[in-house]
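> here you go, sequence then predicted model.
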Amino acid sequence: MRESVPSGVLTSAIRPAFVASAIVWALVLPLAPFIAAQPHPAPAVVAFLYAVYLTGSAICHQLPERSFDLWGHQMPVCARCSGIYSGAAIVAIVAIGTAALRTVARRAPARPHHRSAAFWRAILGASAMPAAISLLYEWTTGHMPSNWVRAATGVPLGAVVAWMVLWATRPGRAERIR
């Protein structure tokens, strides 16, 4: 017989791991160029930087002209990806704050509403529109907007994806799915 992990256990592990990783990754992105700018880093620090930039290369094109340059060093991901990860981190921080407020107020969590697949597709599509519009603009005009504009177009997408993950992994969700 095959034993499986109860879905509630998996859900309860995914949520805090997602929140922590979203926040840590968003903090590591600007920290990496700062560390790279330091003279004579320790071998462990160099290994950390390699890991961060290697991870960035696996998920992003890392084109220098499309990336922020901090402390004389390129960030591990482009400006749009930086915006996506910042948006996810903002939602993760808000989720921590609202959970803390709920605990302080000792209120029962609001009864979650059922969300259809069409609802999630519409929200995700709407959040991707700023990035899609800026891409279309770049491709049709040959002009690249500033990195700040590119980063701003990624924030809604990162925020919505994080919101979707947190909604799907909220406490009690696994028990209601069955």
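Nice, I can see it. Residues are numbered from 1 along each chain as shown.
> just the helices in the protein please.
7-36, 43-59, 79-105, 117-141, 147-168, 173-177 (DSSP state H).
> need those helices in a markdown table with mean pLDDT, distance to Ser67 and mean neighbour count, can you?
Quick note: C-beta positions are derived from backbone N, CA and C, even for glycine. Compiled in a markdown table, the helices of the chain are given as follows (pLDDT from 0 to 100; distance: least, CB to CB, whole Å; neighbours: other CB atoms under 10 Å):
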| stretch | mean pLDDT | distance to Ser67 | mean neighbour count |
| --- | --- | --- | --- |
| helix 7-36 | 87 | 10 | 16 |
| helix 43-59 | 95 | 9 | 13 |
| helix 79-105 | 85 | 6 | 18 |
| helix 117-141 | 93 | 15 | 13 |
| helix 147-168 | 94 | 7 | 20 |
| helix 173-177 | 48 | 37 | 13 |
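> closest to Glu65 out of those helices?
helix 147-168 (8.7 Å; CB to CB).
> packing partners of the closest one?
Applying 3 or more CB pairs under 8 Å, 6 or more residues apart in numbering; DSSP states H and E, one finds that helix 147-168 makes contact with helix 7-36, helix 79-105, helix 117-141.
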